[in-house]
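[1] following is a predicted model, sequence given first.
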Amino acid sequence: MEIIIQPTQAGATIVAARIIGSLMRKNPRAVLGLATGSTPLSLYRELIAMKLNWSQVTTFNLDEYVGLPREHEQSYHTFMWDNLFKHVNVAKKNVHIPDGSARDIPKFCAKYEQQIRDAGGIDLQVLGIGTDGHIGFNEPTSSLVSRTRIKTLTRQTIADNSRFFGGAHKVPHHVITMGIGTIMEARQLLLLAFGEKKARAVAEAVEGPIGAINPASMLQMHPAARFCLDDPAASQLRHSDYYRWVYENKPDWQKV
Ligand code: F6R
């Protein structure tokens, strides 16, 4: 794992955007896994400003609320078009977001997995992290080898996301999410976390034991996982001095 710590969210975002931009320039047909929520908003603004060529890029989103129609203002479908897709030249046919109104959810999930395989797998998956350590909506105790499926949100996640819905009672309880096994098959993982409220989950993921109680801890098993953190999100890491030192002393050939 590479732990990149920058003083501010803006700094960590620029590093993450550079990593994605460099991949897209090297591989114009890149397959990107994307996330929603507050965390990637600054990343998407930065990627839009970079005026990259998205015409041959394929995207797969991590998750979607069950029961929300696509056009609902809080659906992740709406989120992605408002905050990224409508500002870049991505081809609509190359965009994949789980369908929260699918009638046969297991069938839909199997098809989503097949679509990822048919696209040749995900080159780089962007991740946020929940205050409970979830990635995608793989809540604590999710199987570490899980595939795309329906999950029930924890009360913690419902409370965390109630800010978007104007009250916890309006947050759907169920979601479709890529599984941890699905996420782990991406060739690169890029987890972003900002702010002190993520500090504990980040520290457990990076330095704690690997376990389903903190799903992000599974990233320790990935050969190319990066965390892009601001200082507050890194504040509970015991070895942060080492991570900073490693990043500052990277040989030129290793720099993005
Ligand atoms: C969203 C997702 C979630 C979020 C996480 C953090 O697609 O996969 O894992 O990344 O809930 O959300 P924010 O960024 O709103 O703190």
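    Received it, and whenever you're ready, just let me know what you need. Owing to the predicted nature of the structure, the values given are computational and were not obtained by experimental measurement.

[2] I'd like to know how many residues surround Lys92.
    The number of residues packed near Lys92 is 7, by other Cβ atoms under 10 Å. In short, each C-beta sits where N, CA and C put it, glycine included.

[3] what about the helix or strand bottoming out on mean pLDDT in the chain, distance to the chain center?
    One helix or strand of the chain scores below all others by mean pLDDT, DSSP states H and E: helix 155-165, with a mean of 94. Mean C-alpha position of helix 155-165 versus that of the full chain (Cα atoms, centre = their mean, to the nearest Å) differs by 17 Å.

[4] repeat that for stretch 36-51.
    Worked out by Cα atoms, centre = their mean, stretch 36-51 lies 12 Å from the chain centre.

[5] are it and the ligand in contact anywhere?
    Yes - among the residues of stretch 36-51, Thr36, Gly37, Ser38, Thr39 lie within reach of the ligand under Cβ under 6 Å from any ligand atom.

[6] filter those to the buried ones?
    Thr36, Gly37, Thr39 (16 or more other Cβ atoms under 10 Å).

[7] which strands and helices sit next to the top helix by length along the chain?
    Scanning the chain for the helix with the most residues, using DSSP state H, yields helix 9-26. In terms of contacts (3 or more Cβ pairs under 8 Å, 6 or more residues apart in numbering; DSSP states H and E), helix 9-26 is packed against strand 2-6, helix 41-49, strand 124-127, strand 188-193, strand 225-230.

[8] any idea how far the closest residue to Ser55 other than its chain neighbours is from Asn27?
    In space, and not counting its chain neighbours, Ser55 is closest to Asn89: 5.1 Å by Cβ to Cβ, 6 or more residues apart in numbering. Here the criterion is Cβ to Cβ, to the nearest Å. By it, Asn89 lies 16 Å from Asn27.

[9] one step back: could you export the helices and strands packed on helix 9-26 as a markdown table, including mean pLDDT, mean neighbour count and distance to Ala201?
    As requested, the helices and strands packed on helix 9-26 are exported to a markdown table (pLDDT from 0 to 100; neighbours: other Cβ atoms under 10 Å; distance: least, Cβ to Cβ, whole Å):
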| stretch | mean pLDDT | mean neighbour count | distance to Ala201 |
| --- | --- | --- | --- |
| strand 2-6 | 98 | 20 | 14 |
| helix 41-49 | 98 | 18 | 19 |
| strand 124-127 | 98 | 25 | 12 |
| strand 188-193 | 98 | 25 | 8 |
| strand 225-230 | 98 | 25 | 11 |
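
[10] that'll do, ta.
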